[in-house]
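Chemist: model this:
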Amino acid sequence: MRYFTLIVFTLFIAVKSIYAQAPEKGSDFKLSPDTASVFFVTIDQRWPGSAIQKMNDTLLTGFQFYDPVVGKTNLNAVNGNIGLAYKSLIFDPSANNGFRFAPSVVNNYLLRNDNIRYYQSFAPYSNVAYSFGAGKEQLFSVTHSQNIARGLSLGVDLRIINSLGNYLRQKSDNSSVAFQGQFITDNERYAVLFNYRSNRYKWRENGGIKYDSLFTDNEEPERNRIAINLESADNLIKESGVFLQQYYYFGRNPRKAKVIAEEAETTLIIENKEEVVGEADTTFISVNKEVAGKADTTLISENKVAIPVPDAELPGRLFYNPERSDFLRHTFTYTRNALLYTDGKPLSGFYPEIFIDSVKTFDSIYHHEFSNEFVFEGGIGRAKGSSKAILLRAGIEHTFGIYKNGFNAERNDSITRKFNRVTTFAYLSANAFGIAKAEGKVWVTNGAPFNGDKGVAAMLTLPASDNSTSWGNLTASLGVDALQPDYIFQYHHSNHYSWENSFGQQTILSGKVMYARKYLKAGFNFYTLDGYVYFDQNAKPVRENAAFSVSQLYGLAEIKLGHFDIHAFATWQNVTNAEVLRLPELAGRVSAYYSVALFKRALYLQTGLSLMYNTAFYGDAYMPALRSYYVQNEVKTGSYPYVDGFINFRVKRARMFLVMKHLNSGFSGYNYIMVPSYPMADRGFRFGVSWNFFD
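Modeler: Numbering: from 1, shown residues only. So this is what the prediction gives:
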């Protein structure tokens, strides 16, 4: 009743503001002027690719995707409640820089060095967003940024997810905060960007429901009365760190040169949505981003389009400009990870073994890492679609890490290891008069625990500049990576799992081709994996010695018919060895929108349906003690449509959504399980509001 009252009150305030707004002459064919331009950049993490981006905080399309792991192309199997662990339904073997502990089950929730936003705006900018729904689900976020002095700007991002869930011990309690800033000297020769971030996620772990039939046969409609496997288990995940990146430029500022010429335009990547919580989806779609000098077009944000914006609209000169080349760069990074798994009842029968303590499980992992990176970037000439006709970037990185594996709190038993790694890397691009752009990159790592890791890749783009509004862009790439398995596969000791392995390197050969036009993207990916390491049916690491392949065909289309819009994404995947890598053959999402402007365009209203579907397959099971997924052969998941109905609307600076999640719940049975023993939530309302402030 409280939620219903709050929704009605919010709608009343919105409608009241509509009638209080005076009509504007000539506004019938224009957006409401009650907006302001806000730009931001995210920092590339080795390869060129940063771009100035403009937030379109008035767009309604896609606004209903408030969950960080749900989006137009973001397809994930989740553990039944927002904020908990998840696993992508789409294969992507891309390796992250730095210490690779385990396949991430929290990446979309994290504030990371590569997704923290450094804002650029004329005036102070703030955004407050809040949403709530069934299962005592609540999401809250605050963003603020402003110029403190000439050349100095500071900002903060706060994100909170708290959801009790529908089943016993299914609570998620996630919080992330990042403080960021940038400083540029008056002569624009020196620039520094810095941040402090802290992520803390506390999960109640129930191990899934004990008897699936109680759910699938709907024998117990009161979900919190269904028995669970774990009654006192918890996971605590902490990630924090400091980032400092300094530039010394010895070349000219291209943006300053454009202002002097008074004729050029800066091409920006514009984000088509700002989610209530979390970044736009970056799961799968390849998009040509050569307009911003992107080196790797494998995976980028799905909801970004390029449009020309006059330099006069840019918020002054004293902001970090990612288009600049000819620099020396130093990056210092400190990262701290702490993982803790506890269970007061290890003898519940859920675990295969108990090695240390049968009274209480207390498994901890700590990892600290210090990294210093030095980079040179320079180029010659100019060509359409690039800041330089020929561009070279080369660098070296040294990393020192401390890894501590603890497994008995009372005796303070632990094992400590120290690591030193050195990684060298280089990137080279050549732009042939805007007709074609060739790029190549290579990197090599020496030192534990990823000694001998290496990779090389090449890519060709036709034409070199953004041509999405004409006949489109064609991109092809070929790469090979030789990688040690993630560290959890190599070494792990805990109360229930223990191993030390020397698997050797995995080799991943990848070939990709992608075509992108304004409202259409399609591509084909092919991977060959040799020495693949995974968790078997006993949740223990094993190596598949025989090579196998993965093929992917995908497409994204946006169709507009008057007031109607249809956004459709689908992918086909084929694995030649489905015993070690489980993927749905087909997966996709279709969203249909009807949009209309009312009350002299004071109210923008959008309503529609969204459907997500994947074919049946043996989806991976989840082991809380490892925070990891493993293969299983007992339960098939999928072959079920998830349908959401929604209403999005905007009044002046406020956007709101009302979503009926899973509105088809129970209409065609109770087999809506994406992770074995973790049913998805039943039908329920979600309401959210996002409000911008410019003062």
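
Chemist: measure the residue nearest to residue 490 when sequence neighbours are not counted to residue 547 for me?
Modeler: Once flanking residues are discounted, residue 490 sits nearest to residue 501: 5.5 Å by C-beta to C-beta, 6 or more residues apart in numbering. For the C-beta atoms, the positions are set from N, CA and C on the backbone; glycine is no exception. Distance, residue 501 to residue 547, by C-beta to C-beta, to the nearest Å: 20 Å.

Chemist: residues in contact with the residue nearest to residue 490?
Modeler: Counting by C-beta atoms under 8 Å, 6 or more residues apart in numbering, residue 501 touches 485, 489-491, 541.

Chemist: quick one: which of the residues you listed sit in strands?
Modeler: Counting by DSSP state E, those place 491, 541 in strands.

Chemist: next, format the contacts of residue 501 as JSON lines and append pLDDT and distance to residue 477.
Modeler: Shown next, in JSON lines, are the contacts of residue 501 (pLDDT from 0 to 100; distance: C-beta to C-beta, whole Å):
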{"residue": "485", "pLDDT": "96", "distance to residue 477": "24"}
{"residue": "489", "pLDDT": "97", "distance to residue 477": "27"}
{"residue": "490", "pLDDT": "96", "distance to residue 477": "29"}
{"residue": "491", "pLDDT": "95", "distance to residue 477": "33"}
{"residue": "541", "pLDDT": "98", "distance to residue 477": "30"}
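
Chemist: now, of the contacts of residue 501, which are buried?
Modeler: 485, 489-491, 541 (16 or more other C-beta atoms under 10 Å).

Chemist: reformat those as CSV; add distance to residue 658.
Modeler: Listed next are the buried ones among the contacts of residue 501 as CSV, based on distance: C-beta to C-beta, whole Å:
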residue, distance to residue 658
485, 45
489, 44
490, 48
491, 49
541, 45
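
Chemist: quick revisit: what's the closest of the contacts of residue 501 to residue 42?
Modeler: Using C-beta to C-beta, residue 485 comes nearest to residue 42 of the contacts of residue 501, at 28.5 Å.

Chemist: how near is the residue nearest to that closest one when sequence neighbours are not counted to residue 354?
Modeler: Nearest non-adjacent residue to residue 485, counting by C-beta to C-beta, 6+ apart: residue 533, 4.1 Å away. Residue 533 sits 25 Å away from residue 354, going by C-beta to C-beta.

Chemist: ok, now residue 122?
Modeler: 61 Å.

Chemist: for residue 101, same thing?
Modeler: 24 Å.

Chemist: who has more neighbours out of the two?
Modeler: residue 101 (18 against 13; other C-beta atoms under 10 Å).

Chemist: ok, the more buried one - contacts?
Modeler: Residue 101 neighbours (C-beta under 8 Å, 6+ apart): 337, 365, 367, 486-488.

Chemist: again, only using 6 Å
Modeler: Taking C-beta atoms under 6 Å, 6 or more residues apart in numbering, we find residue 101 in contact with 487-488.

Chemist: just say helix, strand or coil for it.
Modeler: coil (DSSP: H, G, I helix; E, B strand; the rest coil).

Chemist: and the strands in the stretch 551-695 of the chain?
Modeler: Ranges of strands in the stretch 551-695 of the chain, per DSSP state E, counting those that start in this stretch, are 564-575, 586-598, 603-614, 621-623, 628-630, 642-651, 654-661, 673-675, 678-679, 684-694.

Chemist: could you do the stretch 101-250 of the chain as well?
Modeler: 118-121, 125-133, 137-149, 152-163, 172-184, 190-205, 233-249.

Chemist: any idea which of these is most buried?
Modeler: Mean neighbour count, computed with mean count of other C-beta atoms under 10 Å, is highest for strand 118-121 among the strands of the stretch 101-250 of the chain, reaching a mean of 24.

Chemist: is it true that the residue nearest to residue 485 lies in a strand?
Modeler: Yes: assignment of residue 533 by three-state DSSP places it within a strand.

Chemist: circling back: quick one: which of the strands of the stretch 551-695 of the chain is nearest residue 163?
Modeler: That would be strand 684-694 among the strands of the stretch 551-695 of the chain, by C-beta to C-beta, at 10.8 Å.

Chemist: how about stretch 545-563: buried residues?
Modeler: In stretch 545-563, counting by 16+ other C-beta under 10 Å, buried: 548, 550, 552, 554-556, 558.

Chemist: look up how far residue 46 lies from the nearest residue to residue 623 once chain neighbours are set aside.
Modeler: Nearest non-adjacent residue to residue 623, counting by C-beta to C-beta, 6+ apart: residue 539, 4.5 Å away. As judged by C-beta to C-beta, residue 539 and residue 46 stand 33 Å apart.

Chemist: try residue 88
Modeler: 22 Å.

Chemist: residue 499 now?
Modeler: As judged by C-beta to C-beta, residue 499 and residue 46 stand 31 Å apart.

Chemist: so residue 422 makes contact with residue 446?
Modeler: Yes: counting by C-beta atoms under 6 Å, residue 422 does reach residue 446; the two are 5.2 Å apart.

Chemist: tell me the mean pLDDT for stretch 453-464?
Modeler: Averaged over stretch 453-464, pLDDT sits at 95.

Chemist: show residues contacting that stretch.
Modeler: 290, 385, 431, 434-445, 474-479, 481-484.

Chemist: could you rerun that using 8 Å?
Modeler: 95, 288, 290, 295-297, 383-386, 431-432, 434-445, 473-484, 505.

Chemist: one step back: burial-wise, tell me which of the strands of the stretch 551-695 of the chain comes out on top.
Modeler: strand 678-679 (a mean of 25).

Chemist: which secondary structure element of this structure has the lowest mean pLDDT?
Modeler: strand 265-271 (a mean of 35; mean pLDDT, DSSP states H and E).

Chemist: for residue 104, give me phi and psi.
Modeler: phi -70, psi 140 (degrees, to the nearest 10).

Chemist: just residue 135 next, same as before
Modeler: phi 70, psi 20.

Chemist: I figured it hits residue 684, correct?
Modeler: Yes: counting by C-beta atoms under 8 Å, residue 135 touches residue 684, with 6.9 Å between them.

Chemist: who does the nearest residue to residue 147 once chain neighbours are set aside bridge with?
Modeler: Ranked by C-beta to C-beta, 6+ apart and with sequence neighbours excluded, the top spatial neighbour of residue 147 is residue 153, at 4.8 Å. Counting by DSSP bridges, residue 153 is bridged to residue 147, residue 182.

Chemist: repeat that for residue 248.
Modeler: With DSSP bridges as the rule, residue 248 is bridged to residue 190, residue 328.

Chemist: so who does it touch?
Modeler: 189-190, 327-329.

Chemist: separation between it and residue 72?
Modeler: Counting by C-beta to C-beta - residue 248 and residue 72 are separated by 40 Å.

Chemist: please apply the same query to residue 450.
Modeler: Residue 450 is 34 Å from residue 72, by C-beta to C-beta.

Chemist: before we move on, what about residue 362?
Modeler: 42 Å.

Chemist: neighbour count for those two, which is higher?
Modeler: Taking neighbours as other C-beta under 10 Å, residue 362 and residue 72 compare with residue 72 leading, 25 against 21.

Chemist: returning to what we had before: tell me the secondary structure for the residue nearest to residue 623?
Modeler: Looking at residue 539 with three-state DSSP, the answer is coil.

Chemist: need the contact list for it.
Modeler: Counting by C-beta under 8 Å, 6+ apart, residue 539 has contacts 352, 497, 621, 623, 626, 628, 630.

Chemist: now residue 645
Modeler: Contact analysis of residue 645 by C-beta under 8 Å, 6+ apart lists 607-609, 659-660, 663.

Chemist: give me that answer again for 6 Å
Modeler: 609, 660, 663.

Chemist: so, low pLDDT: which residues of the protein?
Modeler: Residue ranges of the chain with pLDDT under 70: 1-36, 254-317, 385, 407-413.

Chemist: what residue lies at the spatial centre of it?
Modeler: Most central in the chain under C-alpha atoms, centre = their mean is residue 108, positioned 4.0 Å from the mean C-alpha point.
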